[in-house]
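In: below are the sequence and a predicted model; questions follow.
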Amino acid sequence: MITNIPNISRLSININAFIRFIDCIITYKYIFMKKIKDPDSILLGRRIRSLRAAKGLTQQELGHQADVDYKFIGEIERGNMNPSFKVLVKIAKVLDIDLPEILRFEQEISDPKELEIRIKQIIATLPAEKLQNVLMLLRVLYPVR
């Protein structure tokens, strides 16, 4: 029995090494593999949330009518999960909108600099006659006093 003592100490060293290894994996998972939210996923989630709220639906109601788990709807709205094309089609149908309407993110952008960048991108592609239309529309919507 006394001859087995070195084997027990080797086993103890191996168990301690294994525990340190597992600890490193857990640390790696939580530090280096943190899920970074994709800005487009966040915009999609905000868009779905605002369309759902405009229809007066809860996440549970939307999920039930679209045959999608309401928890998944919440994850989508928080930008944590990306829905499949099939799920987007179901959501659009319940919200009674065309599918491309879900992807109109401009209404969900709240950063003024990002809004300015998007507006400049659109204006840069317009021919002169369309720029005149934009100016006329802006003057109607926001008259200078």
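Out: Here it is on my side, so go on.

In: could you chop the chain up by domain?
Out: Per the record, the chain has its domains at 2-32, 39-108, 112-141, by automatic domain parsing.

In: lowest average pLDDT across these?
Out: Per-stretch mean pLDDT for the domains of the chain is lowest at domain 2-32 (a mean of 59).

In: re the thing from before, and the domains of the chain, which is most packed in?
Out: domain 39-108 (a mean of 16; mean count of other C-beta atoms under 10 Å). All C-beta atoms are positioned from the backbone trio N, CA, C, and that covers glycine.

In: so which residues of the protein form helices?
Out: Using DSSP state H, the helices of the chain run over 5-32, 39-54, 59-66, 70-77, 85-95, 99-102, 112-124, 128-141.

In: what's the distance between the nearest residue to Leu99 once chain neighbours are set aside and Arg52?
Out: Once flanking residues are discounted, Leu99 sits nearest to Ala92: 4.6 Å by C-beta to C-beta, 6 or more residues apart in numbering. In this view, Ala92 and Arg52 are 11 Å apart by C-beta to C-beta, to the nearest Å.

In: try Ile123
Out: Here Ile123 is placed at a distance of 32 Å from Arg52 (C-beta to C-beta).

In: and what of Gln121?
Out: Counting by C-beta to C-beta, the separation of Gln121 from Arg52 is 28 Å.

In: how about Ala124?
Out: For Ala124, the distance to Arg52 - C-beta to C-beta - is 34 Å.

In: over to Val144: give its phi and psi.
Out: Torsion angles at Val144 (phi, psi; degrees, to the nearest 10) stand at phi -80, psi 130.

In: what's the answer for Asp67, then?
Out: Torsion angles, degrees, to the nearest 10, at Asp67: phi 60, psi 50.

In: surely it touches Lys93?
Out: No - judged on C-beta atoms under 8 Å, Asp67 makes no contact with Lys93 at a distance of 10.3 Å.

In: just the CA trace of stretch 118-129, in CSV.
Out: Output of stretch 118-129 as CSV, limited to C-alpha atoms (Å, rounded to 0.1, in the frame of the first residue of the first chain):
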residue,chain,number,x,y,z
ARG,A,118,-26.6,58.2,-44.1
ILE,A,119,-28.3,61.4,-45.4
LYS,A,120,-25.0,62.4,-47.1
GLN,A,121,-24.7,59.0,-48.7
ILE,A,122,-28.2,59.3,-50.2
ILE,A,123,-27.7,62.9,-51.4
ALA,A,124,-24.3,62.1,-53.0
THR,A,125,-26.0,59.6,-55.4
LEU,A,126,-28.8,62.0,-56.5
PRO,A,127,-28.8,63.9,-59.8
ALA,A,128,-29.3,67.7,-59.7
GLU,A,129,-33.0,67.6,-60.5
